[in-house]
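Chemist: Could you look at this predicted model? Sequence included:
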Amino acid sequence: MRPVIRVCAAFVVLWTLVAVPAVVAGSLPADQPLASFWFPNDLLTWDPATDPDAPFNRSSVPRRDRFLDPNTQVNSHARPDEAGVVILSTSGAGTSNNPSQGALQFRTYAFSHWPYIDIWVMWGGSAGEGLILAPNGGLTDAAHRNGVKMFGNIFFPPNVFGGNIQWVRDLVQRSGATFPVADKLIEVAEYYGFDGWFINQETSGGNAALATDVRDFIRYVRANSSIEIQWYDAMVETGSISYQNAMNANNDAFFHEAGNPVSHSMFLNYFWTTNRLINSATLATSFGRSPYELFAGADIGINGTNTGINWNGLFPEGKAHRMSLGFFATQWSLDTATSTADFYRRERTIWAGPGEDPSSTTSSGWRGVAHFIPARSSINDLPFVTHFNTGQGTQVAIEGEVLRVGDWYNRGLQDLLPTWRWIMNATTTATLEPSLDFDAPYYGGTSLRVTGALDEAHQLDLFKTDLAITADTEMTLVYQTGSAGSPSNLSAALAFRDGGGGLGAFQLFPAGTTSSDGWNTVTFDLSAFAGETLNVVSLQFDAPAPVANYDLRVGRLAIYETPIDVPSPPSSVTVENKVESDPQTATLRLLWDHAPGERYTYNVYRRNPDDTRTYLGGTHSNAYFVAEVERVGSEDETTIEVETVGAEMAASVAATTTFTWDVSSSIFTDGFESGDTTAWSNTTP
């Protein structure tokens, strides 16, 4: 939600009664599935079997394990295995009108610096719509692909913004020995596949008995599930609202009480001091708890990287971190961006500092999170495939062929993106610049582009990996320079763990000369490295003579085992519902049964009368909403195809279904509220 007022005492950002408007005003199509939200008593009647939107909000990506490797720690200041990071952020939409699987618009909060965070709380909730907001499944898919936990939000607003203490009582109502709303919160998280809930209780009017009920409610969730709870420092044990900016004797019962843990973690309000951090950490340790289960809040929603944060108090140089970091409103990078390029620049500045290089951060001011927290990676088993797809674009390409033109976003389709953005090493001064490019994607909406003057050897370090190489391992690079028969001046550069456990010298795999002015594919046999562990994947650029205007795109980087498995198609593809907005345009709700085995995604197409295909969307789940399928001419029937795409990117044969057009018209519903109508120019970042 959008901050509207500052106060000088405790709660730094207050929220309006209505949802944040979408960044670009417009309309969502009729029948659009939306992320779930409720008031506590409404949740008691929720049943996924009768909620038509429920299948479209499910995550199907298990949360991957992550690892740290001292050999690939790029910043000497960062300390492993200490502080974590949680972000509280909207997904670019508000409580209501939050599309389950993306939308046909470009501008969105396409967060992608997952290696530096541990938890994303999908911020939302308002007195005018609903207090409990579950994350949409695609966002959870992206988080889990990177090993990050996704939390929903439970928001009880201050009274001045519509808070009603009865809603808190409704949350913690009892039925014998149970808490019925807690049971539903567990059911929601387990059905949708996310990891926990953030409880933000800021409504005045409570008493000590209510505070005890809230504490017992949290303990009940913990005792009856694996769902995690993060508690916000607002309500104290007397039941009043009194921001402590610390954990102390007034609020510690929500964290640990009578020798037993209560919440899994606590987010401290923003006006902490060094002494408050030290005392809070000492108290956590006295409970036998980690001080890194406490998160010191930092609100960057207004001033972004100009926010004054006592970094030395939280992360004293050369000493153990005092506690973890909690960012509020990281979508500042989106809210204030003037273009695509500006959004990605602001994102890099938050996480890598003003120099936008996580290996070289500043010693004062905004240093970037990479100065303190080493990047974690989930690239620890084969296959590893990336197309540098950010989950948004102005077109969609599949295997180099553009099959859809038009704005879109779907963060559930986001690839594993570079661990480090950006580390470009050169012999003297780097003159090549990497970027994420929307003009020529190979698969999805984005590719990696490298441009500039190539007048000496450059190396772009991209991915931290922990991949066991076998006799059947291969690597594929797909790239283009725009001309045939020209030297690519490109090599894959791989660093393996050496015999002493350190990082060995980089091994080069030259891509050679292009055979096409379009996409070129080159495959390398890695069997000579069988039994070794691959730790870093980089690209090297070098030419025998200077190249003044070097320009190269990489559309796929894949390391996998042969033979490549061809997956089975899904089954029982069904058009659950069709709504025609006019005689030439319809929306579809599609359901199918999962294909057996692993998959990268499902791709959904329409088969055109000339036997070509148009891409309609994709998901890792077995339900998909097609926001727009266009009638071709006066066709009476349209065939829909759903393919399983395997982990190595091989596609199954298509499962098909058809639907019949009619000429009845439906009414588009107003899907976004008025507000910020700032448009972006879709310039390449």
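Modeler: Sure, I can see it.
Chemist: contacts and neighbour counts: CA atoms only from here.
Modeler: Noted.
Chemist: longest helix in this protein, by residue count?
Modeler: What stands out as the longest helix in the chain, according to DSSP state H, is helix 208-223.
Chemist: quick one: that helix to chain centroid distance?
Modeler: 31 Å (C-alpha atoms, centre = their mean, to the nearest Å).
Chemist: likewise stretch 406-421?
Modeler: Its chain's C-alpha centre and that of stretch 406-421 lie 8 Å apart, by C-alpha atoms, centre = their mean.
Chemist: cool, stretch 46-57 as well?
Modeler: Relative to its parent chain, stretch 46-57 has a centroid offset of 23 Å by C-alpha atoms, centre = their mean.
Chemist: start at 22 instead
Modeler: All right, first residue 22 from here; so that's stretch 67-78.
Chemist: Just the buried positions in that stretch, please.
Modeler: Of the residues in stretch 67-78, 67, 74-78 count as buried by neighbour count, 16 or more other C-alpha atoms under 10 Å.
Chemist: Kindly report the same for stretch 369-386.
Modeler: Neighbour-count burial for stretch 369-386 flags 369-375, 377-382 (criterion: 16+ other C-alpha under 10 Å).
Chemist: Repeat that for stretch 583-599.
Modeler: Across stretch 583-599, burial judged by 16+ other C-alpha under 10 Å covers 587-592, 594-596, 599.
Chemist: average pLDDT for that stretch?
Modeler: Mean per-residue pLDDT for stretch 583-599: 97.
Chemist: which residues touch the residue nearest to Gln435 when sequence neighbours are not counted?
Modeler: Distances taken as C-alpha to C-alpha, 6 or more residues apart in numbering put Gly412 closest to Gln435, at 4.3 Å, once the chain neighbours are dropped. Applying C-alpha atoms under 8 Å, 6 or more residues apart in numbering to Gly412 gives the contacts 131, 430-436, 465-466.
Chemist: in its sheet, what does whichever strand or helix holds Val600 sit against?
Modeler: Element membership for Val600, per DSSP states H and E: strand 592-603. Here strand 592-603 is paired, per DSSP bridges, with strand 606-614 (antiparallel).
Chemist: So which residues make contact with the partner strand?
Modeler: Residues external to strand 606-614 that are found in contact with it (C-alpha under 8 Å, 6+ apart): 50-52, 591-602, 643-652.
Chemist: so Gln501 makes contact with Val543?
Modeler: No. Applying C-alpha atoms under 8 Å as the test, Gln501 and Val543 come out as separate, 11.1 Å apart.
Chemist: the more surrounded of those two?
Modeler: Set side by side, Gln501 and Val543 show more neighbours around Gln501, with 23 against 15, by other C-alpha atoms under 10 Å.
Chemist: And the more buried one, how far from Ala358?
Modeler: 30 Å (C-alpha to C-alpha, to the nearest Å).
Chemist: before we move on, the earlier item: got the CA coordinates for the strand holding Val600 in CSV?
Modeler: Taking Å, rounded to 0.1, in the frame of the first residue of the first chain, the C-alpha atoms of strand 592-603 are listed here in CSV:
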residue,chain,number,x,y,z
SER,A,592,-3.7,-34.5,-19.6
SER,A,593,-7.3,-33.6,-19.4
VAL,A,594,-6.9,-30.0,-20.6
THR,A,595,-10.2,-28.2,-20.1
VAL,A,596,-11.6,-24.8,-20.8
GLU,A,597,-13.2,-24.3,-17.4
ASN,A,598,-14.8,-21.0,-18.4
LYS,A,599,-14.8,-18.6,-21.4
VAL,A,600,-15.9,-15.0,-21.4
GLU,A,601,-16.1,-13.1,-24.7
SER,A,602,-15.5,-9.4,-24.2
ASP,A,603,-16.5,-8.7,-27.8
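Chemist: Just give me how far that strand sits from the chain centre.
Modeler: That offset, for strand 592-603, works out to 28 Å (C-alpha atoms, centre = their mean).
Chemist: Can you name the helix or strand that the nearest residue to Ser548 once chain neighbours are set aside falls in?
Modeler: What sits nearest to Ser548 in space, not counting adjacent residues and going by C-alpha to C-alpha, 6+ apart, is Ala492, at 4.2 Å. When elements are assigned from DSSP H and E, Ala492 belongs to no helix and no strand.
Chemist: how close does Ala492 sit to Ala551?
Modeler: According to C-alpha to C-alpha, Ala492 stands 5 Å off from Ala551.
Chemist: cool, Pro337 as well?
Modeler: 43 Å.
Chemist: what do you get for Asn272?
Modeler: 55 Å.
Chemist: Those two: which is more packed in?
Modeler: Asn272 (22 against 13).
Chemist: Do you know the pLDDT at the more buried one?
Modeler: 98.
Chemist: Spatially nearest residue to it, not counting backbone neighbours?
Modeler: In space, Asn272 comes closest to Val257 once its chain neighbours are excluded; the distance is 4.8 Å by C-alpha to C-alpha, 6+ apart.
Chemist: Now that that neighbour has come up, it's in contact with Asn269, right?
Modeler: No. Val257 is beyond contact range of Asn269, at 9.8 Å (criterion: C-alpha under 8 Å).
Chemist: Those two: which is more packed in?
Modeler: Each of Val257 and Asn269 has its neighbours counted (other C-alpha under 10 Å); Val257 has more, 24 against 17.
Chemist: How about the contacts made by the more buried one?
Modeler: Neighbouring residues of Val257 by C-alpha under 8 Å, 6+ apart: 232, 263-264, 271-272.
Chemist: now do Val181
Modeler: So Val181 contacts nothing (C-alpha under 8 Å, 6+ apart).
Chemist: Checking it next. Helix, strand or coil?
Modeler: helix (DSSP: H, G, I helix; E, B strand; the rest coil).
Chemist: and what of Asn300?
Modeler: What three-state DSSP gives for Asn300 is helix.
Chemist: what's the answer for Val189, then?
Modeler: Of the three states, Val189 takes helix under three-state DSSP.
Chemist: One more: Gly159?
Modeler: With three-state DSSP as the criterion, Gly159 reads helix.
Chemist: Now do it, the pLDDT please.
Modeler: Looking at Gly159, its pLDDT reads 95.
Chemist: so how far is Gly214 from it?
Modeler: Taking C-alpha to C-alpha, one finds Gly159 at 11 Å from Gly214.
Chemist: Identify the contacts common to the two.
Modeler: With C-alpha under 8 Å, 6+ apart, Gly159 and Gly214 have common neighbours 79-80.
Chemist: higher neighbour count, those two?
Modeler: Neighbours were tallied for Gly159 and for Gly214 using other C-alpha under 10 Å; the higher tally belongs to Gly159 (28 against 23).
Chemist: give the contact list for the most far-flung residue of the chain relative to its centre.
Modeler: What lies farthest from the middle of the chain is Ala566; by C-alpha atoms, centre = their mean that is 41.3 Å. The contact partners of Ala566, taken as C-alpha under 8 Å, 6+ apart, are Asp476.
Chemist: Tell me which helix or strand it sits in.
Modeler: Assigned by DSSP H and E, Ala566 belongs to no helix or strand.
Chemist: can you give me the helices in the stretch 472-621 of the chain?
Modeler: Counting by DSSP state H, counting those that start in this stretch, no segments of the stretch 472-621 of the chain form helices.
Chemist: oh sorry, the question was meant for the stretch 322-471 of the chain
Modeler: Using DSSP H, counting those that start in this stretch, helices in the stretch 322-471 of the chain cover 332-335, 353-356, 361-373.
Chemist: can I get the ones you listed in a markdown table with mean pLDDT and distance to Met670?
Modeler: Shown next, in a markdown table, are those (pLDDT from 0 to 100; distance: least, C-alpha to C-alpha, whole Å):
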| stretch | mean pLDDT | distance to Met670 |
| --- | --- | --- |
| helix 332-335 | 97 | 43 |
| helix 353-356 | 96 | 31 |
| helix 361-373 | 97 | 27 |
